[in-house]
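*Asks:* All I have is the shape, not the residue letters:
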DNA sequence: AATGGTTCCTGGACGC
DNA sequence: TGCGTCCAGGAACCAT
């Protein structure tokens, strides 16, 4: 389940393997993976042939790379998307993978970019223009204009984020997951941030003090910083980096996925509750109201 | 306008 | 053993 730390790991790998190279051929094996490209699969493949990739950039869970054609190639990994680099060795194996959706081959005939995605929630899209977001000063693909800066973005403004969150009547977890407030946080890091800040997920955001909301976003930033340092969180083979390796953050989780296990702070047993059709994990004692 | 619910997808886990 | 059912979740989209 790639959230910000996992996507950052993929961005670094993509930059190392693919930046600066010129595309020779793009092949799309499942049209759903380019569903946002209205002109269709053929046009998607044709527009990318012959262009050179610039530097890979990330905002929240989105990643893109500017092209020397003036377009931008935007990636979202969804639930299960992977970007893999492989030369002749691992390539045959990857191309037998039934979940291989897109390949990008380069002029230099070196490593191929493989987009693998079991559940096809992820996608690639071509943006024709970069714009300034409402809150940001850095140009981003036009399709991402509604995505707020993440905590690692130079445009990130904690005071503004806290004020925006404070104005919401939704459960605080909904606000944490709202990519137009702060981007990059998903279900795992939301639960971990709430555990660290000792806040119950269902608390109405506007009923929390500014100080507690601030502490919550600082906790989210801390937990993602720590996860980035160890290559992200992996539960299974669904998240791997560009080289096919797993991250190590799972062993550092305090709440997510730990139903029935003792809270690392107070020893009470972690419980699982349903929220918006998905799971939330919390300590029943130190995350009360 | 803001908020909550629905939908897309696949395969592993589980119950009978 | 085999079949049916549930579950995982990001975010676009729709309904209220």
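*Replies:* Cool, got the structure. Worth saying up front: this structure is predicted, and the values here are computed from it rather than measured. Numbers count the residues shown, from 1 in each chain, chains lettered A, B, ... in the order given.

*Asks:* From now on I want contacts and neighbour counts done on CA atoms only, so please keep to that.
*Replies:* Noted.

*Asks:* From residue A:39, how far out is the residue in chain A positioned nearest to DNA strand C?
*Replies:* Distance from DNA strand C to each residue of chain A (Cα to the nearest atom of the strand) is smallest for residue A:186, at 3.9 Å. Here the criterion is Cα to Cα, to the nearest Å. By it, residue A:186 lies 31 Å from residue A:39.

*Asks:* the more surrounded of these two?
*Replies:* residue A:186 (19 against 10; other Cα atoms under 10 Å).

*Asks:* thinking again about what came up before, and the residue of chain A closest to DNA strand C, what pLDDT?
*Replies:* For residue A:186, the pLDDT comes out at 93.

*Asks:* go on, the one 5 residues further on?
*Replies:* Residue A:191 is assigned a predicted lDDT (pLDDT) of 95.

*Asks:* Please report how far it lies from residue A:209.
*Replies:* For residue A:191, the distance to residue A:209 - Cα to Cα - is 19 Å.

*Asks:* neighbour-wise, which of the two wins?
*Replies:* Legend: neighbour count by other Cα under 10 Å for residue A:191 and residue A:209, higher for residue A:191 (27 against 12).

*Asks:* Then the more buried one would be within a helix, right?
*Replies:* Yes. Using DSSP: H, G, I helix; E, B strand; the rest coil, the assignment for residue A:191 is a helix.

*Asks:* Is it in contact with residue A:282, as I believe?
*Replies:* Yes. Between residue A:191 and residue A:282 there is a contact under Cα atoms under 8 Å: 7.2 Å.

*Asks:* okay, and the common contacts of the two?
*Replies:* Counting by Cα atoms under 8 Å, 6 or more residues apart in numbering, the contacts common to residue A:191 and residue A:282 are A:201, A:255, A:256.

*Asks:* Ignoring the adjacent residues along the chain, who's closest to the first one?
*Replies:* This means residue A:201. In this structure, residue A:201 finds its nearest non-sequential neighbour in residue A:173, 5.0 Å apart by Cα to Cα, 6 or more residues apart in numbering.

*Asks:* Hmm, residue A:190 and the one you found touching each other?
*Replies:* Yes. Residue A:173 is within contact range of residue A:190, at 6.7 Å (criterion: Cα under 8 Å).

*Asks:* the more surrounded of these two?
*Replies:* Per other Cα under 10 Å, whichever of residue A:173 and residue A:190 has more neighbours is residue A:190, with 26 against 23.

*Asks:* Apart from its neighbours in sequence, what residue is nearest that one?
*Replies:* Nearest to residue A:190 is residue A:176, by Cα to Cα, 6+ apart, at 6.3 Å.

*Asks:* That neighbour: what's it in contact with?
*Replies:* Here residue A:176 is in contact with A:182, A:185, A:186, A:190 (Cα under 8 Å, 6+ apart).

*Asks:* and these, which two are the farthest apart?
*Replies:* A:182 and A:190 (11.5 Å; Cα to Cα).

*Asks:* Kindly report the residues of the stretch 101-250 of chain A close to DNA strand C.
*Replies:* Counting by Cα under 7 Å from any atom of the strand, the residues of the stretch 101-250 of chain A lying close to DNA strand C are A:119, A:121, A:179, A:183, A:184, A:186, A:187, A:188.
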